[in-house]
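In: Build the 3D model from these lines:
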Amino acid sequence: IPLMQNTVLENFDLPLHNTFHSFSLPHCAQARFSYLHMKYLFFSWLAVFVGSWVVYVEYSSYTELCRGHECKNAICDKFRKGVIDGTACSSLCEKDTLYLGKCLSAKPSNQVYSGSWGDMEGIIKCHMEEVHHYDLAAELEPRREAASFDRPTKGTSVEKFREMVLSHLKAKVGDQANLQDLVALVLGVADSNKDGQISLAEARSAWALLQLNEFLLAVVLQGREHTPKLLGFCGDLYVMEKVPYAPLYGISLPWAVELWIPAGLRRSMDQWASPSWPRKAKIAIGLLELVEDVFHGTFGSFLMCDVSAAGFGYTERYDLKVVDARRIVPEAAFQVVMRERRCEVDNDCVYGADCYTSCDLTKHRCTTEVTQPNLAKACSALKDYLLRGAPADIKEELEKQLYACIALKGATEQMEMEHSLILNNLKTLLWKKISHTKDS
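Out: Next comes the predicted model:
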């Protein structure tokens, strides 16, 4: 046997170690290896392509939305030329103590930044160029292009400016009995250095700001608990008190993740991120009180045209605060615009997300009365928020009252009486349940 083995080995043309080196994979294994290799290369290329596209889109969106430096440069240029003046001008343009921080803008025309002003935190808002598409908001806030600050004109007296303000406010909020008091409030804000005089530069800043719903509401509701304070302004750039916790409820997710989450699951996730029920009840009472403030308030009625979680926040003490008041509009101005608006169907008669009127098909014009009052819209926003985790002993009664509230209509003869009754019943029910807790 040993001899035969040697004979066999000697018959090979190549050495034994070369025989193993020349061994090759079967054809099917080679094909599988090649397929896996190509699959890996394809998905690697796809990942790089998608990643690059996401980075490009995010960067493009950021550069389009976040143009705070342009806004600051334009405002400061006007300030240095003596065209405008205000409480924030020196800090923004000379001392650099008013700092623009994180960009929060949702539209290029409305620049929104978190910021700091000395030891205060605030939200800085500035308006840019015209939006080139039809929007009812542009009719209620007619100046969407960069302000020219050419009104009032040089040589205008303080008395003439007072008449300008009075006429503008009458068009906005209606002919109120105490309109002169509102004029006095606006002129008080315009006097930025509190010297008892209003300069032309101060008047131009005040006039530009007066075109904005949010500024008007800040003046009308100044000192009220649920409206952030106006900290300062320069031209039509203004600084509002920062609301610590916003939105009212919900969690912020990347848009790529949002695409894959079903609407029902998204609503549940938002509710999971909300405070404990007694604290939610206190926040809800705050929203009901805000409805009281804007419904037949001191200076007329305002309509809440976007009662979504994004428009509200709350403080460390769980007091509700308005975060975005651009869609809280004077009812008188809203009615003027809707009266002139042409329509074919009811859906043509809408402003914001929540202010609907009906279409008069005989005239093809929108009617002026909203179909749902502020309180009904607030209850719709609060329904899931309050019922989730509500104590068992009040849940049934709470649900009953919320649905009665949502059913309120805007044009009924008994609406005001029903409005007051339901609002008071809801507040009483919630206060009774939390009044004995530390959260109240």
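
In: Would you tell me what the next helix or strand after the strand or helix carrying residue 398 is?
Out: When elements are defined using DSSP states H and E, residue 398 is found to belong to helix 392-406. Sequence order places helix 415-434 as the next helix or strand after helix 392-406, per DSSP H and E.

In: Run through the neighbouring helices and strands of that following helix.
Out: Applying 3 or more CB pairs under 8 Å, 6 or more residues apart in numbering; DSSP states H and E, we find helix 415-434 packed against helix 277-294, helix 374-387, helix 392-406. To be clear about C-beta, it is placed using only N, CA and C from the backbone, and glycine gets the same treatment.

In: how far out from the middle of the chain is the helix holding residue 398?
Out: Distance, stretch centre to chain centre, for helix 392-406: 29 Å (CA atoms, centre = their mean, to the nearest Å).

In: if you average pLDDT over that helix, what comes out?
Out: What helix 392-406 shows for mean pLDDT is 96.

In: got the CA coordinates for that helix in CSV?
Out: Only the C-alpha atoms of helix 392-406 are listed here, as CSV (Å, rounded to 0.1, in the frame of the first residue of the first chain):
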residue,chain,number,x,y,z
ALA,A,392,-64.0,57.9,36.5
ASP,A,393,-66.4,59.8,38.7
ILE,A,394,-66.6,62.8,36.3
LYS,A,395,-65.7,61.2,33.0
GLU,A,396,-69.3,60.6,31.8
GLU,A,397,-70.5,64.1,32.8
LEU,A,398,-67.3,65.7,31.3
GLU,A,399,-67.9,63.9,28.0
LYS,A,400,-71.5,65.0,28.0
GLN,A,401,-70.6,68.7,28.5
LEU,A,402,-67.9,68.6,25.9
TYR,A,403,-70.2,67.2,23.3
ALA,A,404,-72.8,69.8,24.1
CYS,A,405,-70.1,72.5,23.8
ILE,A,406,-69.0,71.2,20.4
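
In: hmm, back to that, can you convert the helices and strands packed on helix 415-434 into JSON lines and add a column each for distance to residue 229 and mean neighbour count?
Out: Listed next are the helices and strands packed on helix 415-434 as JSON lines, based on distance: least, CB to CB, whole Å; neighbours: other CB atoms under 10 Å:
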{"stretch": "helix 277-294", "distance to residue 229": "15", "mean neighbour count": "21"}
{"stretch": "helix 374-387", "distance to residue 229": "23", "mean neighbour count": "22"}
{"stretch": "helix 392-406", "distance to residue 229": "30", "mean neighbour count": "15"}
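
In: Of all those, which one comes closest to residue 75?
Out: With CB to CB, the closest approach to residue 75 among those belongs to helix 277-294: 29.8 Å.

In: Quick one: residues in contact with the very next helix or strand once past that closest one.
Out: Where DSSP H and E defines the elements, the next helix or strand beyond helix 277-294 is strand 302-304. Identification of contacts with strand 302-304 by CB atoms under 8 Å, 6 or more residues apart in numbering yields 217, 220, 291, 294-295, 327-331, 334, 354-355, 370, 374, 377-378.

In: related to what we said a few turns ago, now the angle from the helix holding residue 398 to helix 277-294?
Out: Interaxial angle, helix 392-406 versus helix 277-294 (axes from the mean of the first three to the mean of the last three CA atoms, to 10 degrees): 30 degrees.

In: what's the closest non-adjacent residue to residue 366?
Out: Nearest residue to residue 366 in three dimensions, chain neighbours excluded: residue 349, at 3.7 Å (CB to CB, 6 or more residues apart in numbering).

In: how much space between the one you found and residue 123?
Out: Distance, residue 349 to residue 123, by CB to CB, to the nearest Å: 32 Å.

In: try residue 298
Out: Distance, residue 298 to residue 123, using CB to CB: 25 Å.

In: With residue 437 instead?
Out: For residue 437, the distance to residue 123 - CB to CB - is 31 Å.

In: out of these two, which sits in the busier spot?
Out: When residue 437 and residue 123 are compared for neighbours, residue 123 comes out ahead with 21 against 12, by other CB atoms under 10 Å.

In: quick one: that one is in a strand?
Out: Yes: Residue 123: assigned to a strand according to DSSP: H, G, I helix; E, B strand; the rest coil.

In: Verify the stated contact: it with residue 104.
Out: Yes: using CB atoms under 8 Å, residue 123 makes contact with residue 104 at a distance of 7.4 Å.

In: Now for the two: what residues contact both?
Out: Common neighbours of residue 123 and residue 104 (CB under 8 Å, 6+ apart) are 112-114.

In: just the buried members of those?
Out: Buried subset of these (neighbour count, 16 or more other CB atoms under 10 Å): 112-113.

In: Which single one of the shared contacts of residue 123 and residue 104 is nearest to residue 86?
Out: residue 113 (17.0 Å).

In: Give me the phi and psi for that closest one.
Out: Taking degrees, to the nearest 10, you get phi -130, psi 140 for the backbone angles of residue 113.

In: what do you get for residue 238?
Out: phi -140, psi 160.

In: Look up how far residue 402 lies from it.
Out: Residue 238 sits 36 Å away from residue 402, taking CB to CB as the criterion.

In: can I get the helices and strands packed on helix 415-434 in TSV with distance to residue 82?
Out: Shown next, in TSV, are the helices and strands packed on helix 415-434 (distance: least, CB to CB, whole Å):
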stretch	distance to residue 82
helix 277-294	37
helix 374-387	43
helix 392-406	53
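
In: Can you tell me which of the ones you listed is nearest to residue 148?
Out: Ranking these by proximity to residue 148 (CB to CB) places helix 277-294 first, at 31.3 Å.

In: With just CA atoms, put that closest one into PDB.
Out: Extracted C-alpha coordinates of helix 277-294, given in PDB (Å, rounded to 0.1, in the frame of the first residue of the first chain):
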ATOM      1  CA  TRP A 277     -54.800  64.900  34.200                       C
ATOM      2  CA  PRO A 278     -55.100  67.500  37.000                       C
ATOM      3  CA  ARG A 279     -52.500  69.700  35.200                       C
ATOM      4  CA  LYS A 280     -54.300  69.200  31.900                       C
ATOM      5  CA  ALA A 281     -57.500  70.300  33.600                       C
ATOM      6  CA  LYS A 282     -55.900  73.500  34.700                       C
ATOM      7  CA  ILE A 283     -54.500  74.200  31.200                       C
ATOM      8  CA  ALA A 284     -57.900  73.500  29.800                       C
ATOM      9  CA  ILE A 285     -59.500  76.100  32.200                       C
ATOM     10  CA  GLY A 286     -56.900  78.600  30.900                       C
ATOM     11  CA  LEU A 287     -58.100  78.000  27.300                       C
ATOM     12  CA  LEU A 288     -61.700  78.500  28.400                       C
ATOM     13  CA  GLU A 289     -60.700  81.800  30.100                       C
ATOM     14  CA  LEU A 290     -59.000  82.900  26.900                       C
ATOM     15  CA  VAL A 291     -62.300  82.300  25.000                       C
ATOM     16  CA  GLU A 292     -64.000  84.600  27.600                       C
ATOM     17  CA  ASP A 293     -61.300  87.200  27.000                       C
ATOM     18  CA  VAL A 294     -61.700  87.400  23.300                       C
END
